[in-house]
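In: Sequence and predicted structure below; questions after.
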Amino acid sequence: MNAKALQKLLAPEVAREIRHIHWHDEIDSTNQEAIRKIQSGELDRALIIADCQTHGRGRRGREWISTAAGIYMSLVWPVQGSSAELQGLSLVTALSVKSAMQESGINGLKLKWPNDVLHEGSKLAGILLELQSGSWGLCLVIGIGVNICLDQAAQDKIDRPATGINSIAGSHVDKNAIIAAMLDTLVTNVWRFEADGFGQYQEEWNRSDYFYNKSVIIHRGKSQIRGRSEGVDGSGALILQTANGLELITGGEVFPTVREIAAGS
Ligand code: BTN
């Protein structure tokens, strides 16, 4: 597959919007390449995609193992608005990945706040949004990593339960069709988000939430906060019912409580 072939698979209005597609056999990180392009003044909407990454980046400074078969791509998207408003966009990206997968016959997926895509509690896809600012304004890099086939070497390097498309749906899945479906869905949803905000996605996100109504611990830097997850509000913040009342969480990582880990193991 190459850039031209991918362009042909996209919906015409999406193909018109993503002006440049750069497809690499191997790269350090598609997000890093996107940032290099932005910093050198290339501010058009563009897609950077690679068959493998040597230094894939995950959230919270972690590595994203990218040597095995997977989808590694970053969308360059000039934006307006504050970073708080953009929080909703990271949740919208996760919803878009989930619905594109479903369209491609990969079912049973759930989301973990803010933007992990899970299958039976194991991580299938991760999303890393990075905001770049300069005299020209703001530009967002929307990085998406989807595991296709996690070999043992890759599994061994990942410290949490992870899965790949092949384990869920078999090896017949069409990677190119999934990439096109993800881009079509994502771009359409980003347009809707830009027009009307996150509120329109709140219900759908909460229906998809793996931890909805469950006890969780949120790790925020060195502190932790425990409570019952009540889904997200109209801005995409996580609503947590704690011993001291409701708290709105805008950063951190969600874990199940120890009791639930034990029950599920
Ligand atoms: C996470 O930790 O869940 C986020 C993972 C994001 C990985 C993707 S792969 C494509 C893009 N390039 C990177 O270096 N990271 C993102």
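Out: Ah, there it is.
In: So which residues of the stretch 51-200 of the chain form helices?
Out: Assigned helices in the stretch 51-200 of the chain, in chain order: 83-103, 152-157, 165-169, 175-196 (criterion: DSSP state H, counting those that start in this stretch).
In: Show me what the closest residue to the ligand within the stretch 1-150 of the chain is bridged to.
Out: Nearest to the ligand, among the residues of the stretch 1-150 of the chain, is residue 126, at 2.2 Å (Cβ to the nearest ligand atom). (C-beta placed from N, C-alpha, C; glycine too.) Residue 126 forms beta bridges with residue 145, as assigned by DSSP bridges.
In: my guess is it meets residue 158, correct?
Out: No - Residue 126 is beyond contact range of residue 158, at 10.6 Å (criterion: Cβ atoms under 8 Å).
In: Comparing those two, which residue is more hemmed in?
Out: Each of residue 126 and residue 158 had its neighbours counted (other Cβ atoms under 10 Å), and the higher figure belongs to residue 126 (23 against 17).
In: Would you confirm that residue 128 contacts residue 31?
Out: Yes - between residue 128 and residue 31 there is a contact under Cβ under 8 Å: 6.0 Å.
In: More neighbours: those two, which one.
Out: Neighbour count, other Cβ under 10 Å: between residue 128 and residue 31, residue 31 has more, with 27 against 23.
In: Is the more buried one in a helix, a strand, or coil?
Out: Following DSSP: H, G, I helix; E, B strand; the rest coil, residue 31 is assigned to helix.
In: check contacts around it.
Out: 57, 74, 128, 130, 141, 143 (Cβ atoms under 8 Å, 6 or more residues apart in numbering).
In: same deal with residue 63?
Out: Residue 63 makes contact with 55, 56, 57, 157, according to Cβ under 8 Å, 6+ apart.
In: Run through the bridge partners of it.
Out: Beta bridges link residue 63 to residue 57 when assigned by DSSP bridges.
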